[in-house]
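Chemist: What follows is a predicted protein model with its sequence.
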Amino acid sequence: MSVRFGHGPGRVRLSAATALLAVVAMAAGCSGDDDDDKPGAGASGAPISKGDGPAASVKLPDGCTTVFDAETPAQLSVAVSQALYNSAPVVVVAAGDASALQPAIEAATAAGAPLLVTDEAADAPSVDATASPTAAADTSPVTFEADTADCAAPPPEVTPSSTPSTEASSTASPSATAESDDEESDPDSDSEETDSEDSQPIATASPSLTPAAFSVATADGDACLDESAAPADEPSDEPTASATPSATPSATPSATASASATPSTTGTASPEATPSTAPDPVSTVLDPSVAAEIKRLDPKAVLATSPDVARMLRAALPEVKVVENASELPETSAPDRLSGLSVLVPAEEDLRAGALAARTTAANAGAAVVGVQNGDPRAGECAVQALFKAKPTKVLGVGDFGSADRLAYRMSVVGTGVELPGGGQLFFPGRRLVALYGYPGAPELGILGAQGIDASIERAENVAELYDDISDVPVIPTFEVITTVAQGAAGRDGDYSAESTIESVKPWIEQADKAGVYVILDLQPGRTDFLTQAKRYAELLKNPHVGLALDPEWRLKAGQVHLRQIGSVDSSEINRVIDWLADLTAEYRLPQKLLVLHQFSLTMITNRSAIDTSRDELALLIHMDGQGEPSQKDGTWRIVTNTVPDEIWMGWKNFYKKDTRLMTPRETLDREPVPVMISYQ
């Protein structure tokens with residue numbers, strides 16, 4: 001579906017003059033206030049205690065941001081319990097089957113108790129469930145080491161410049177010499193339509209332009225972690241246009257947390273106690289960390305929600321009272337409520353049982369819990385909105401979140417509440433861009449210049465809507481504005497490139513912002529380098545809805561001129577732009593920024609495999625600009641995508657005149673990898 005961030009009354013505008021970034025990003029549950037009474041729903045719904053008996057003793061993590069690198073459902077449940085509980089009079093243990101977890105969630109919530117789960121897979125260290133009940137496992141303490149980080153500092157506030165920082169080096173209306181063969185059809189042609197409180201941090205952004213249409217996270221959102229323990233819906237067999245890149249990028253870069261989640265002890269039952277006739281093997285195994293955590297919590301009773309789990313617990317912990325009926329539990333009181341804490345757990349299906357248990361345990365202690373995709377709280381509108389609403393003072397991440405420093409940075413971005421069109425703060429695979437390409441006021445350079453700003457917005461929306469029914473992600477109308485234009489003459493600065501002034505481009509960015517249109521600034525640098533030109537437009541790139549494109553076709557070496565040869569750039573020059581743009585994005589806590597690399601020949605980008613893909617402040621995309629017959633374009637696509645580096649997405653260009661016929665949207669998407677950006681020139 002298309003996402004239009006237009007002019008509805010619910011749109012929140014941010015004032016850059018009063019903007020204050022929430023430096024600790026963070027989280028309430030992903031459900032609205034109506035969910036507060038549900039089991040484990042969040043910090044506002046106190047557990048239902050059974051009486052006036054003893055209560056669990058709870059604690060806050062030491063660091064502002066803390067990460068436990070737990071890897072299995074059992075370890076997830078144990079890590080949260082270990083981080084938040086000193087002791088508990090009751091502990092609930094269930095089999096690690098998410099579809100049967102609801103009774104355990106209800107029992108743990110009623111008792112204000114930690115909920116631990118076993119693992120279904122037999123590849124983890126386990127207690128021998130076939131051993132005699134009299135043979136106890138090794139339950140010496142198992143400690144999950146924590147990686148901690150201090151709170152992130154707020155970003156600098158951006159003050160828009162009252163005057164342009166640069167003047168055009170050649171002419172405000174560059175000639176079309178370098179791109180004279182890219183003439184466009186009449187703009188009237190319809191050929192493209194063929195187929196809180198004062199004490200709380202104020203989480204606002206501080207870009208140079210007000211992000212009106214680029215959604216500020218709202219107070220409520222859909223659940224990020226399934227409320228119930230029912231199995232997730234089966235994926236649809238209906239064919240859709242997948243947004244998967246040639247190599248699926250990981251939302252978490254290669255650096256990982258220093259903390260290890262691997263338990264230091266391994267429990268085994270006494271071999272002498274093995275009965276002569278072993279019972280049938282059970283489908284669950286008891287991670288030694290679960291047994292050790294129960295012993296550490298020193299409960300008066302443990303509730304096992306199945307006979308298999310009860311048998312394993314009695315074998316591992318013969319000194320602990322294990323019951324199978326909640327009516328046999330002692331009376332308990334609700335624990336003290338931890339305030340200002342958000343707990344992040346994985347939202348992936350294979351860890352769902354552990355995440356649901358961790359959610360229950362944390363919510364019973366008063367913490368808010370958010371399910372996070374791919375270890376990155378910026379991924380998806382639900383997590384961003386829930387965390388923006390909560391504004392926590394401490395964050396605990398349990399799972400594959402990388403280092404605590406990385407999570408602290410990502411949370412500071414979430415704290416701004418500014419989302420990309422389509423939701424969330426990561427670009428792909430959550431959206432598809434459909435762009436008009438060109439230079440304002442120069443129709444011979446591209447369709448974007450064939451009409452004024454308002455008409456261009458309308459045209460971009462109309463073209464984007466053609467992809468609505470065949471795209472499996474929101475379709476975002478986009479401008480790719482040629483900002484520096486290749487020239488046939490050297491010009492007064494000798495670089496064969498005419499640089500637009502900031503003031504000439506700013507109206508397009510401002511109007512696009514109001515309409516929910518993403519903007520990409522395209523550079524054709526001539527004999528200067530990409531970084532030098534990119535820095536000219538730093539003021540514009542501080543906006544959350546503005547990205548950058550590099551066009552190596554127009555990058556000349558000394559002695560070269562346009563149209564006599566195809567330009568090229570080495571990966572080392574691209575990497576300098578990546579470092580600068582990523583640093584700028586990080587400094588101002590912006591949502592992920594798009595960097596486009598145009599290419600139709602392998603010689604245009606030398607040493608392409610050396611492009612730095614480690615900076616997750618950016619989404620990198622190679623845009624295939626082949627032209628001509630559809631079969632010829634398909635051949636160019638195969639060449640360009642064959643050796644594309646991992647974690648780089650792909651885009652496609654359709655030409656109104658230089659293609660022998662305009663491909664339909666369905667034809668455009670009918671390829672592998674499916675392009676996540678399509679531009680029209």
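Modeler: Done, it's in.
Chemist: For burial, what's the neighbour tally of F68?
Modeler: 27 (other Cβ atoms under 10 Å). Yep, even glycine has a C-beta here, placed from its N, CA and C like the rest.
Chemist: Might one say that it is in contact with F144?
Modeler: Yes: counting by Cβ atoms under 8 Å, F144 is a contact partner of F68 at 4.8 Å.
Chemist: model confidence over the longest strand seen in the chain, on average?
Modeler: Longest strand of the chain, by residue count under DSSP state E: strand 475-486. Here strand 475-486 scores 97 as its mean pLDDT.
Chemist: Are there helices or strands packed against that strand, and which ones?
Modeler: With contacts taken as 3 or more Cβ pairs under 8 Å, 6 or more residues apart in numbering; DSSP states H and E, strand 475-486 sits against strand 432-438, helix 453-465, strand 497-499, helix 502-515, strand 518-523, strand 677-680.
Chemist: hmm, try it at 7 Å
Modeler: With contacts defined as 3 or more Cβ pairs under 7 Å, 6 or more residues apart in numbering; DSSP states H and E, strand 475-486 has these neighbours: strand 432-438, helix 453-465, strand 497-499, helix 502-515, strand 518-523.
Chemist: In CSV: those, plus distance to R314, mean neighbour count and mean pLDDT.
Modeler: Shown next, in CSV, are the helices and strands packed on strand 475-486 (distance: least, Cβ to Cβ, whole Å; neighbours: other Cβ atoms under 10 Å; pLDDT from 0 to 100):
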stretch, distance to R314, mean neighbour count, mean pLDDT
strand 432-438, 55, 28, 98
helix 453-465, 62, 19, 98
strand 497-499, 77, 27, 94
helix 502-515, 64, 19, 96
strand 518-523, 60, 26, 98
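Chemist: circling back: mind checking how far the longest strand of the chain is from the chain centre?
Modeler: How far strand 475-486 lies from its chain's middle: 24 Å, per Cα atoms, centre = their mean, to the nearest Å.
Chemist: ok so, going back, which one of the helices and strands packed on strand 475-486 lies nearest to Q592?
Modeler: strand 518-523 (11.9 Å; Cβ to Cβ).
Chemist: quick check: angle from the longest strand of the chain to strand 518-523?
Modeler: Strand 475-486 runs at 20 degrees relative to strand 518-523, counting by axes from the mean of the first three to the mean of the last three Cα atoms, to 10 degrees.
Chemist: Pull out the buried positions in strand 475-486.
Modeler: V475, I476, P477, T478, F479, E480, V481, I482, T483, T484, V485, A486 (16 or more other Cβ atoms under 10 Å).
Chemist: Equivalent analysis for stretch 349-366, please.
Modeler: Neighbour count says stretch 349-366 has 351-366 buried, by 16+ other Cβ under 10 Å.
Chemist: Just the residues you listed: which are in helices?
Modeler: 352-364 (DSSP state H).
Chemist: For K391, give its distance to M411.
Modeler: 11 Å (Cβ to Cβ, to the nearest Å).
Chemist: In terms of packing, which of the two has more residues around it?
Modeler: Each of K391 and M411 has its neighbours counted (other Cβ under 10 Å); M411 has more, 29 against 22.
Chemist: Convert the C-alpha atoms of the strand or helix carrying the more buried one to PDB, please.
Modeler: If you go by DSSP states H and E, M411 is part of helix 404-414. Taking Å, rounded to 0.1, in the frame of the first residue of the first chain, the C-alpha atoms of helix 404-414 are listed here in PDB:
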ATOM      1  CA  ALA A 404      25.600  -1.800  24.700                       C
ATOM      2  CA  ASP A 405      27.200   1.300  23.100                       C
ATOM      3  CA  ARG A 406      25.500   0.400  19.800                       C
ATOM      4  CA  LEU A 407      22.200  -0.100  21.500                       C
ATOM      5  CA  ALA A 408      22.500   3.200  23.400                       C
ATOM      6  CA  TYR A 409      23.100   5.000  20.100                       C
ATOM      7  CA  ARG A 410      20.200   3.400  18.400                       C
ATOM      8  CA  MET A 411      17.900   4.200  21.300                       C
ATOM      9  CA  SER A 412      19.000   7.800  21.100                       C
ATOM     10  CA  VAL A 413      17.700   7.800  17.500                       C
ATOM     11  CA  VAL A 414      14.500   6.200  18.600                       C
END
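Chemist: for that helix, packing partners?
Modeler: strand 65-68, strand 147-149, helix 381-390, strand 394-398.
Chemist: and it, what's its mean pLDDT?
Modeler: 96.
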